[in-house]
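Colleague: let me see the structure of the following:
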Amino acid sequence: MQHVFVNLPVADLSRARAFYAALGLAFDERFSDDAAACVVVSESIFLMLLTRDKFATFSPRPVGDPSRDCSTLVALSRDSREAVDAFMSAGLGAGGIDNARVQDHGFMYGRSISDPDGNVLEVMWMDVSAYERSLGDEINSAVDA
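Modeller: Residues are numbered from 1 along each chain as shown. Take a look at the predicted model:
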């Protein structure tokens, strides 16, 4: 099985841990210490919250400031539209910032929140079968034209 580890720089590890815990995400303490926290997103996807100093030891370039500049958008899927809104509510209650970017395409619904450090999380739900049906409708319309 392949695993994905997304490394995110944080200024205050305790604050970051509290934010991600409020989202209902668990931590793998085997890979956590006073400079890092391993957030379990799924069986194969993890967010590594790293202090800026720790992050710098991995980066070949200077560490950017996610509160000013965006270089990564982490997209996380949820099981329903309601779960997207619940994720947002939990994150806002834990100090996140609503990026005021709602996407509602019927078959797909998404929102955007920044964690307290400015790292952007795009949380979304998609009904894949409805999307596939819409593609079929577009193809049929093009053929009929």
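Colleague: run through the bridge partners of A26.
Modeller: Beta bridges link A26 to V40 when assigned by DSSP bridges.
Colleague: and for it, the neighbour number?
Modeller: 11 (other C-beta atoms under 10 Å). Using the backbone N, CA and C atoms, a C-beta is placed for each residue, glycine as well.
Colleague: how much space separates it from F46?
Modeller: Going from A26 to F46 by C-beta to C-beta, to the nearest Å gives 10 Å.
Colleague: need the residues touching each of those two.
Modeller: 39-40 (C-beta atoms under 8 Å, 6 or more residues apart in numbering).
Colleague: give me the below-cutoff pLDDT ranges for the chain.
Modeller: 135-145 (pLDDT under 70).
Colleague: how close does the most centrally placed residue in it sit to E29?
Modeller: Centroid-nearest residue in the chain: L121, 3.2 Å away (criterion: C-alpha atoms, centre = their mean). According to C-beta to C-beta, L121 stands 22 Å off from E29.
Colleague: now do A83
Modeller: Shown here: A83 relative to E29, a distance of 26 Å by C-beta to C-beta.
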